[in-house]
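>>> Any chance you could fold what I've pasted below:
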Amino acid sequence: MKTSNELWYDKWAEDWNEALPVGNGRIGGMVYGNPYYDIISLNEDSIWSGGYRKRNNMTALENLQKVRDLLFEEKISEAEEIVHDAFCGTPVNQRHYMPLGDFIIEQRGLGDINSFKRKLDLERAVSSVEFSSNGINYTREVIASYPDNVLAVNIKADKKGSINIRIHIDGRDDYFDDNSPVSDDEIFYYGGMGGEDGINFASYIKIITVSGEAKRWGSFIKAYGCDEVTILISCRTSYRFEDYKKEAERDIEKALKLSFAELRERHIEDYKRYYDRVKLELYDNSKGKAELPTDERLANVQSGGKDNKLTELYYNFARYLMIAGSREGTLPLNLQGIWNKDMWPAWGCKFTININTEMNYWPVESAGLSELVTPLFDLIEKMRPNGRITAKEMYGCGGFVCHHNTDLWGDTAPQDLWMPGTQWPMGAAWLCLHIWEHYMFTKDKDFLKEKYGTIKEASEFFVDFLIENKNGQLVTCPSVSPENTYLTESGQKGSLCIGPSMDSQIIYELFTAVINASEILGVDSDYAEMLKTMREKLPKPEIGKYGQIKEWAIDYDEVEPGHRHISQLFALYPADMISVRKTPKLADAARATLERRLSHGGGHTGWSRAWIINLWARLNDGEKVYENIAALLSYSTNKNMFDNHPPFQIDGNFGGAAGISEALLQSINQELILLPALPDEWKSGSFENLKARGGFTVSCRWENKELQSALIISNSGEVCRLVTNRNVKVFCDGAEVCCEQKDGAIVFSTCAGKVYEIKAVSKSEK
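Numbers count the residues shown, from 1 in each chain. Okay, here's the model as predicted:
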């Protein structure tokens, strides 16, 4: 299984996009692995460009009705001109994410490198480099420990006294952070933005030598004649602690009580509690290519080769990134997870919530990593008070709202001066659907009770904000279909509009979540009834002139038919308003939408291609799933397996992983569907312990594309409605379970904690 659980290379990284990531959810590092001059690019998740700013545009509310009137009169450019000035954030930009710095290890006395292997062990979350020089074998290991709050580097050699290194940390551009050693074995590195609202950081770097000697030398620490060296790196910020310097020092003091072997053991034990939950195995069609270095395997796929084991690796790498980048008590995954090298990263490396942040968490529930979505819920709670003010000041509405970006402070005002993206009031609503998703997978009523007020408050904004269109439907106005531009019959281009399809779909799902939660918890029945009435007046997905799902209320053409966003198919995935079994005509229209996008060059960004994989999976098209996974690996994956937008964005990794599991197991419309979109190339395989809505844990084995057996653990005692590609019988505790055939599904009652064995049978045994 190493082919599916290890990234490895026979050369060191030449740049950041080839380096290998480590992380403990809060501290991240990108390890280059150069024997002579190794770089570990460091991050800490709360090092951002500054504090919270009040950015709501106080001229929005007085212009709201004017903008609405202009849009109803189809005076689009006039409406956009007002929105550009009167609705933008003031100042325009939210805070952005920043790096901690580059930690450098220079190893002296090396000659030619005679052998070399650089790897990332996904089963243990250890990055390592093994090489030999001058007849001496060296090993470097890097871990980022969650239990001990440090990044640790260990260097060993098989000849005593042969390790000679010089270490230092580079400051960040021209920010003049202090990075000088404070003793012979310690560097105290601190800096930040300063000022009243700045975020400041402190990092301690401690070197521990076995034999040999460490000595301060200018801006460096030299260690020479050592048998072994361990380096500990901590970091804390003023975002979380008043005395952040002392906290960083405490982390080092605690870690110093343990040897590197003990730190590594505690780290691996903690990590494996998550990673070992799920297992995926696909038929090996690589013809031996799976044994090659990872970059060569990618090159093989890029040239048309096959490698199901690389797909496995991609899935496992995404699970690794989730555990390394999103842990309890940290900030959620941003556009690059926690790994960013730039002081001014693309799009600010913020939380972009018109799909990217949501996509980051698409695979988390099915992969059995439910705890790791809690940072997202924490951010939503941070957004609520700010979003109430934005709702009131900009729109005169109750509830809370957020637009298409937020930052670590939960800023909810519009971001950017970009008409296709900025004026979109749906960000908080979409994020809140993850709360409902978490409940649907876990059936945790205590959690639902705790978070009910959040999803209700998100819905309250739309109770006030929605207006009637000319057809008497309730719609958003003003809004946009994320990042897209339409073309009117008169040739006018526009983005601002009334009632884009995605808005109505998100609101439908949000209202439905609140209604269902109200019934489950036995609260707010009058409010739920009002939402039901409003929900009926929301526009439903409609078929347009090309046989496609309409993106706008008017059947406009797109200025860019191959646009990366496919917002009108939110109803297909991640929602289940459209499905092959329940709404076949709309499913056909969804297919037409995808085909139209792709025929015009769609899927040209990594995350967009990942979304497309999920959409094809929901359309039960295994061959298209396979084709688009191959495209994701071929055109949108860097050598280190990071998704390439370009530049690097981590959402494609998570979206791709979600698509892989969606092809194998779906739990939509209260049905559990086994192997819904199995490609021919995945002719045999198995998975263990994928999670499904309804509180089910599912394992499955198949051969020749047909289900052989499955195990379903009922965690909550829900009724199971099972859809399979074979005739099956269901057993529990050795006895056959009484099942009902209903609408193409096998329906049976379950008891919480019981295991149900699904066995394929011939038609004659039915």
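
>>> so how many other residues sit close to Glu242?
Look at Glu242: counted by other CB atoms under 10 Å, it has 8 neighbours. C-beta coordinates here come from the backbone N, C-alpha and C atoms, glycine included.

>>> Now do the SS call for it.
At Glu242 the chain is in coil, as set by DSSP: H, G, I helix; E, B strand; the rest coil.

>>> May I have the predicted confidence score for it?
We have a pLDDT of 94 for Glu242.

>>> what's the answer for Tyr190, then?
At Tyr190, the pLDDT value in this model is 89.

>>> Apart from its chain neighbours, what residue comes closest to it?
Ranked by CB to CB, 6 or more residues apart in numbering and with sequence neighbours excluded, the top spatial neighbour of Tyr190 is Ala202, at 4.3 Å.

>>> tell me the contacts of the one you found?
Residues near Ala202 by CB atoms under 8 Å, 6 or more residues apart in numbering: 188-190, 235-237, 244-245, 247-249.

>>> Kindly present the residues you listed as TSV, with separate columns for secondary structure.
Output for the contacts of Ala202, formatted as TSV (three-state DSSP):
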residue	secondary structure
Phe188	strand
Tyr189	strand
Tyr190	strand
Cys235	strand
Arg236	strand
Thr237	strand
Tyr244	helix
Lys245	helix
Glu247	helix
Ala248	helix
Glu249	helix
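
>>> List just the nearest of those to Ile104.
Ile104 lies nearest to Tyr189 out of these, by CB to CB, at 12.2 Å.

>>> just checking, that closest one touches Val182?
No: using CB atoms under 8 Å, Tyr189 is not in contact with Val182; the gap is 9.7 Å.

>>> How far off centre is whichever strand or helix holds Tyr756?
Using DSSP states H and E, Tyr756 sits in strand 755-761. Here the centre of strand 755-761 is set off from its chain's centre by 33 Å, with CA atoms, centre = their mean, to the nearest Å.

>>> one step back: and Tyr189 and Val182? Which one has more around it.
Taking neighbours as other CB under 10 Å, Tyr189 and Val182 compare with Tyr189 leading, 26 against 13.

>>> What's opposite the more buried one in the beta bridge?
Ser203 (DSSP bridges).

>>> What are the boundaries of the helices in the stretch 401-550 of the chain?
Using DSSP state H, counting those that start in this stretch, the helices of the stretch 401-550 of the chain run over 419-422, 427-442, 445-465, 501-521, 525-536.

>>> Pull the distance from the last one to the chain's centre.
So the one you mean is helix 525-536. On CA atoms, centre = their mean, the centre of helix 525-536 falls 32 Å from that of its chain.

>>> Just checking: what are the partner strands of the next helix-or-strand element following it?
Sequence order places strand 557-558 as the next helix or strand after helix 525-536, per DSSP H and E. Partners of strand 557-558 in the sheet, by DSSP bridges, are strand 486-487 (antiparallel).

>>> mind checking how far the partner strand is from the chain centre?
Relative to its chain's centre, strand 486-487 lies at 31 Å (CA atoms, centre = their mean).

>>> Averaged pLDDT, it. What do you get?
The pLDDT scores in strand 486-487 average 96.

>>> Other residues contacting that strand?
Counting by CB under 8 Å, 6+ apart, 493-495, 497, 551-552, 556-559 sit against strand 486-487.

>>> which among the residues you listed end up buried?
With burial judged by 16 or more other CB atoms under 10 Å, the buried subset of the contacts of strand 486-487 is 494-495, 497, 551-552, 556, 558.

>>> ok, those vs Phe87, which is closest?
Nearest to Phe87 out of the buried ones among the contacts of strand 486-487 is Ser495 (CB to CB; 12.8 Å).
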